[in-house]
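Visitor: Coordinates only, no sequence provided:
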């Protein structure tokens, strides 16, 4: 995870389960990062639905619209 966090330049996309990070994974580094992003940017901007990824309508960091 350290390499992932230190190498991103425009943004970072992490594929995970939101319920896991709000439950059992809450105290992991990724769980704490997710909570930080939610606190700063809000739930809607922090998380993207799998359907939006499949439809190519998701707002992705570093990807042109």
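Guide: Alright, I've got the coordinates. As the structure is a prediction and not an experimental result, all values here were calculated from the model.
Visitor: Just give me the neighbour total for residue 10.
Guide: 8 (other CB atoms under 10 Å). The way it works is simple: take the backbone N, C-alpha and C, and place the C-beta from them, glycine included.
Visitor: mind checking the SS state of it?
Guide: coil (DSSP: H, G, I helix; E, B strand; the rest coil).
Visitor: Quick one, grab the pLDDT at it.
Guide: The model reports residue 10 with a pLDDT of 73.
Visitor: what about the nearest residue to it once chain neighbours are set aside, which SS state?
Guide: With CB to CB, 6 or more residues apart in numbering as the criterion, residue 10 has its nearest non-adjacent residue at 3.2 Å, and that residue is residue 62. Here residue 62 is recorded as coil under three-state DSSP.
Visitor: Residue 62: what's it in contact with?
Guide: Residue 62 sits next to 9, 10, 11 when contact means CB atoms under 8 Å, 6 or more residues apart in numbering.
Visitor: For the first one, give me phi and psi.
Guide: Reported as degrees, to the nearest 10, the phi and psi values for residue 9 are phi -120, psi -40.
Visitor: Next: the second one.
Guide: Residue 10 has phi and psi values of phi -110, psi -30 when expressed as degrees, to the nearest 10.
Visitor: Tell me how far it lies from residue 17.
Guide: According to CB to CB, to the nearest Å, residue 10 stands 24 Å off from residue 17.
Visitor: And the residue nearest the centre of this protein?
Guide: By CA atoms, centre = their mean, the chain has its centre lying nearest to residue 14, at 4.8 Å.
Visitor: Give the buried residues for stretch 29-46.
Guide: 30, 31, 33, 34, 37, 38, 46 (16 or more other CB atoms under 10 Å).
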